[in-house]
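> No sequence on hand, only this structure:
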């Protein structure tokens, strides 16, 4: 089975937890790139998980062509911009259910049109 190449944006408390799941516990997934805007955050996590590609600007991650899906675990206040940018880059996006609170009626139609998946919690990541 071909693995899905995943890029993860945001490596805070929840993001680093998701990175561990995606790197070793989610069947069919391969974490290939991570991004975090804080200096020095992505490197140790990427090193520990054997991920070669890491960046501070999530736009650099979105520009990579061999990523099949994006997971966004940035602070809630930044979700909307990151999700919309990911969707414009033609990626699927996965985020905690709290993200639903970010969308207004105006943006909900855009998100639906871009095929964005919003699972309820991290248990949906583990198979």
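Structure's in. What do you need? Small disclaimer: the values here were computed from a predicted structure and weren't measured. Numbers count the residues shown, from 1 in each chain.

> Ramachandran angles for residue 35?
With angles defined as degrees, to the nearest 10, residue 35 sits at phi -140, psi 140.

> and it, how many residues sit next to it?
Neighbour count of residue 35, defined by other Cβ atoms under 10 Å: 28. C-beta coordinates here come from the backbone N, C-alpha and C atoms, glycine included.

> Would you confirm that it contacts residue 8?
Yes. When contacts are counted by Cβ atoms under 8 Å, residue 35 is listed as touching residue 8 (7.3 Å).

> Where does pLDDT dip in the protein?
Filtered on pLDDT under 70, the chain yields the residue ranges 1, 90-127.

> residue boundaries of the helices in the protein?
Using DSSP state H, the helices assigned to the chain run over residues 13-24, 42-49, 58-62, 76-88, 105-113.

> any chance of those helices in a markdown table, plus mean neighbour count?
Formatted as a markdown table, these follow (neighbours: other Cβ atoms under 10 Å):
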| stretch | mean neighbour count |
| --- | --- |
| helix 13-24 | 18 |
| helix 42-49 | 17 |
| helix 58-62 | 19 |
| helix 76-88 | 17 |
| helix 105-113 | 11 |
